[in-house]
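Student: give the three-dimensional model of this entry:
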Amino acid sequence: MSDDPTPTSQPAAQPATPGAPEEASRLPLILIVGAALVAGAAGVALRQGSDPAPGTPAALARAEELMTQGEELARRPDAGVKSAVEVLADAHRLAPDDPRTNLAYGRALVLLDRFPEALPPLNRARELAPDDADGHLLAGMALTGVQRFDDALAALERARALRPDDPQVHYFLAVAAYGAEDFEAILAHLDALAGKAPDSPQTLQLRYTALRVLGRRVEALEPLRRLAALSPRDVRLRRDLQDAEVEVLGWAAAVEEAGRAAAAEGADALALYLHARLLAQHPRTAPEARPLYERAAAREPGFAWALAGLAVELMRDGEHDAARERLREALELDPTLAEAVLALAKLEHAAGRLDDARGHHDRLAQAGYQAAAREGVLACLLDGGRHDDALAFARGVLPQGAPADHPARWLEAHALARAGRADEAAAIARAIVDATPEAARWRARAAAGRGRRAAGRRADARAALDDALHEAPKGSRPGPNLLLWAGVSRAQEDVEGARARWRQGADTGEERNPEGLYTWACRRLLGEATRDHVLAAARIGGVQDHNDAWFVEGLALELAGHGEEARAAYLKAREATRAAEAPGRLIDEALERLGE
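Tutor: Reported below is the predicted structural model:
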């Protein structure tokens, strides 16, 4: 199990940036708009146009004065747009049919991210001055802000027709295409922008995201490297770059490069941290991570990321009090460090302090990691035996009018299953599968199969997992986790069929967590790895993975005919399993087979 705050039990949303945390995979749209507005939209000039619309002479004269006053306020560092907007609102009120007052007032509202309020004056400005590109550009920005992407694209296309070489028009066309999830169009608009304006962090992020979603990962490295070069101390950005390089270059090459950077004379704490982070992902090199985290923390005492990484290693070594202390230090330095919040939540959960764990998960949600936080809160309620509260929570987080395949519906299915209402849970899972787009349906079916396995419905689980493997599109390689449990679901009736699944899982070659544990588990069931290999991989995942590791050890021994040793391993698996957590039902069935 990864120590990044990412969802693990739900199928990935589509489209999403592969390998990235849920909320970090794509920049929030409003942030993209807001950042670009602050950086560049001030260049949308308030131009003098035609004479004001008819009105009383006094009102029109006063509106002129207010327009001048508002523009001056907007330019002053001690005042700014917040001070100017009310003045411009008065000008708009006095001259509601003047395109300039509508445009100025709408522009100020856009700059303040007050997009719904901006639309009426901007639409009026477009009616009054249809050949003014500024009105269409600003309206496109506001429409993007309220997520009316098709309307935004139409307004921005009109602005492009009027001003084809304006870099801002091309930029906001790319932003609106991002909202509409048209990733080819994003690249086309960014290409049109090239040479007209220097690359900004926003354009580089857009290009990187589009290339990744389109599967062009090698090309995606270049904008991400440039983005990281602009912010060399941005740890999360450097982690994203490191992960992208692992995908393209391979883990071993990335570790070698990180090792050279960490060994260089004068290497800073960040270089040590990034090397340690990669080492910690593999069972063979994980023991080397802790000393590097310690060196990084010593080299830069205020480096919260190093303290959080060290705390995770202390947790893995069973030094929970020391881990708790390091995590609290990290959060004093950076209260928003989601990785530290998640690790502390896991630590308190494992210690049985469920209220404290839930408090940390609530804090994680406030940091923007909604999916991980919701799963954590649900687990706290379920493990505390509060099944009714858990079900109410799962239903409460579902947005009104959410589609049948909304990821939060898996929470309701899980809560029902844990409450012993397996038929209701299965019905929700079926509805999710049926509503999921065909290209992603196999992932939803796999999640449904895992739920049926957890409920002890082995035949249903086998059918669902087999269907998931059959439906997986060509080129989307099923992971060892799915293949392990697909084999387990048929091991008692069809050992050869189970071994075929495990063979596929073992041959994926992914030895790093979070999937690495299941590769080693498949190898153990084939007799190609030892118990120590599996337990070393489980150590990386933490206490939550030890039950899976001991269950696999019990099954391997049972299939080899070592009944007493298998029984001892299954008992260890039961000790490591919380409440009705998977694979609890499978453990109980195995112990019954062995005569407990």
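
Student: count of residues packed around the closest residue in space to Pro478 that isn't next to it in sequence?
Tutor: Among residues not flanking Pro478 along the chain, Ala472 sits closest, at 5.3 Å (C-beta to C-beta, 6 or more residues apart in numbering). Yep, even glycine has a C-beta here, placed from its N, CA and C like the rest. Neighbour count of Ala472, defined by other C-beta atoms under 10 Å: 17.

Student: then Asp434?
Tutor: 11.

Student: sorry, back to before: ok, the residue nearest to Pro478 to Leu484 distance?
Tutor: With distances taken as C-beta to C-beta, to the nearest Å, Ala472 is found 15 Å from Leu484.

Student: residue ranges with poor pLDDT in the stretch 51-200 of the chain?
Tutor: Applying pLDDT under 70 to the stretch 51-200 of the chain flags the ranges 51-56, 78-79.

Student: please enumerate the helices of it.
Tutor: Listed in chain order, the helices of the stretch 51-200 of the chain (DSSP state H, counting those that start in this stretch) span 57-75, 81-94, 99-111, 115-128, 133-145, 149-162, 167-179, 183-193.

Student: run the chain-centre distance for the third one.
Tutor: Mean-position distance between helix 99-111 and its chain equals 35 Å (C-alpha atoms, centre = their mean, to the nearest Å).

Student: and for stretch 504-511?
Tutor: 25 Å.

Student: export it as CSV, just CAs?
Tutor: This file holds the C-alpha atoms of stretch 504-511, laid out as CSV (Å, rounded to 0.1, in the frame of the first residue of the first chain):
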residue,chain,number,x,y,z
GLN,A,504,0.6,-13.8,-15.5
GLY,A,505,0.9,-11.9,-12.2
ALA,A,506,4.4,-13.0,-11.6
ASP,A,507,5.5,-12.2,-15.1
THR,A,508,4.3,-8.5,-14.9
GLY,A,509,7.7,-7.9,-13.4
GLU,A,510,6.5,-5.0,-11.2
GLU,A,511,8.4,-5.5,-7.9
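
Student: give me the residues contacting it.
Tutor: With contact meaning C-beta atoms under 8 Å, 6 or more residues apart in numbering, stretch 504-511 is reached by 282-284, 477-480, 482-484, 487, 515-516, 518-523, 526, 528, 537.

Student: out of those residues, list just those in helices.
Tutor: 480, 482-484, 487, 516, 518-523, 537 (DSSP state H).

Student: return the closest of the residues you listed with respect to Ala464.
Tutor: Leu482 (10.6 Å; C-beta to C-beta).

Student: chain neighbours aside, what residue packs nearest to that closest one?
Tutor: Nearest to Leu482 is Ala446, by C-beta to C-beta, 6+ apart, at 5.1 Å.

Student: just the element for the one you found, please.
Tutor: helix 441-454 (DSSP states H and E).

Student: quick one: that helix to helix 480-488, angle?
Tutor: Counting by axes from the mean of the first three to the mean of the last three C-alpha atoms, to 10 degrees, helix 441-454 lies at 50 degrees to helix 480-488.

Student: C-terminal to helix 441-454, which secondary structure element comes first?
Tutor: Helix 441-454 is succeeded, C-terminally, by helix 458-471 (DSSP H and E).

Student: from the chain's centroid, how far away is that following helix?
Tutor: The mean C-alpha position of helix 458-471 is separated from the chain mean by 27 Å, C-alpha atoms, centre = their mean.

Student: that helix: which residues count as buried?
Tutor: Arg458, Asp460, Ala461, Arg462, Ala464, Leu465, Asp466, Asp467, Ala468, Leu469, Glu471 (16 or more other C-beta atoms under 10 Å).

Student: could I get those as JSON lines with distance to Leu416 and pLDDT?
Tutor: Converted to JSON lines, those look like this (distance: C-beta to C-beta, whole Å; pLDDT from 0 to 100):
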{"residue": "Arg458", "distance to Leu416": "19", "pLDDT": "74"}
{"residue": "Asp460", "distance to Leu416": "15", "pLDDT": "80"}
{"residue": "Ala461", "distance to Leu416": "16", "pLDDT": "80"}
{"residue": "Arg462", "distance to Leu416": "21", "pLDDT": "82"}
{"residue": "Ala464", "distance to Leu416": "16", "pLDDT": "84"}
{"residue": "Leu465", "distance to Leu416": "20", "pLDDT": "85"}
{"residue": "Asp466", "distance to Leu416": "24", "pLDDT": "84"}
{"residue": "Asp467", "distance to Leu416": "21", "pLDDT": "85"}
{"residue": "Ala468", "distance to Leu416": "21", "pLDDT": "85"}
{"residue": "Leu469", "distance to Leu416": "26", "pLDDT": "85"}
{"residue": "Glu471", "distance to Leu416": "25", "pLDDT": "84"}
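
Student: so can I have a markdown table of the residues you listed showing distance to Ala304?
Tutor: Shown next, in a markdown table, are those (distance: C-beta to C-beta, whole Å):
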| residue | distance to Ala304 |
| --- | --- |
| Arg458 | 45 |
| Asp460 | 46 |
| Ala461 | 42 |
| Arg462 | 46 |
| Ala464 | 42 |
| Leu465 | 41 |
| Asp466 | 46 |
| Asp467 | 45 |
| Ala468 | 40 |
| Leu469 | 42 |
| Glu471 | 43 |
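
Student: could you point out which of the residues you listed is nearest to Arg418?
Tutor: Ala461 (15.9 Å).

Student: wait, doesn't the closest one sit right on Ala447?
Tutor: No. Contact status for Ala461 versus Ala447: not in contact, 11.3 Å apart, counting by C-beta atoms under 8 Å.

Student: list the contacts of Ala461.
Tutor: Gly449, Arg450, Arg452, Arg453, Trp485, Ser489.

Student: quick check, the last one in contact with Arg457.
Tutor: No. Taking C-beta under 8 Å as the contact criterion, Ser489 and Arg457 are not neighbours in contact, 9.6 Å apart.

Student: give me the more crowded residue out of those two.
Tutor: When neighbours are counted by other C-beta under 10 Å, Ser489 comes out ahead of the other of Ser489 and Arg457, with 28 against 21.

Student: grab the nearest non-local neighbour of that one.
Tutor: In space, Ser489 is closest to Arg462, 3.9 Å off (C-beta to C-beta, 6+ apart).

Student: neighbours around Arg239, how many?
Tutor: 20.

Student: to clarify, my last question referred to Gln242.
Tutor: With other C-beta under 10 Å as criterion, Gln242 counts 18.

Student: next one: Thr336
Tutor: 12.

Student: not counting sequence-adjacent ones, nearest residue to it?
Tutor: Ala367 (5.6 Å).

Student: for that neighbour, give me phi and psi.
Tutor: phi -80, psi 0 (degrees, to the nearest 10).

Student: next, the buried residues of stretch 411-428.
Tutor: 411-419, 421-422, 424-426, 428.

Student: before we move on, the earlier item: ok, the contacts of Ala461 vs Leu591, which is closest?
Tutor: Arg453 (16.8 Å).

Student: show me what contacts that closest one?
Tutor: Counted by C-beta under 8 Å, 6+ apart, Arg453 has contacts Ala461, Leu465, Trp485, Val488, Ser489, Ala582, Pro583, Arg585, Leu586.
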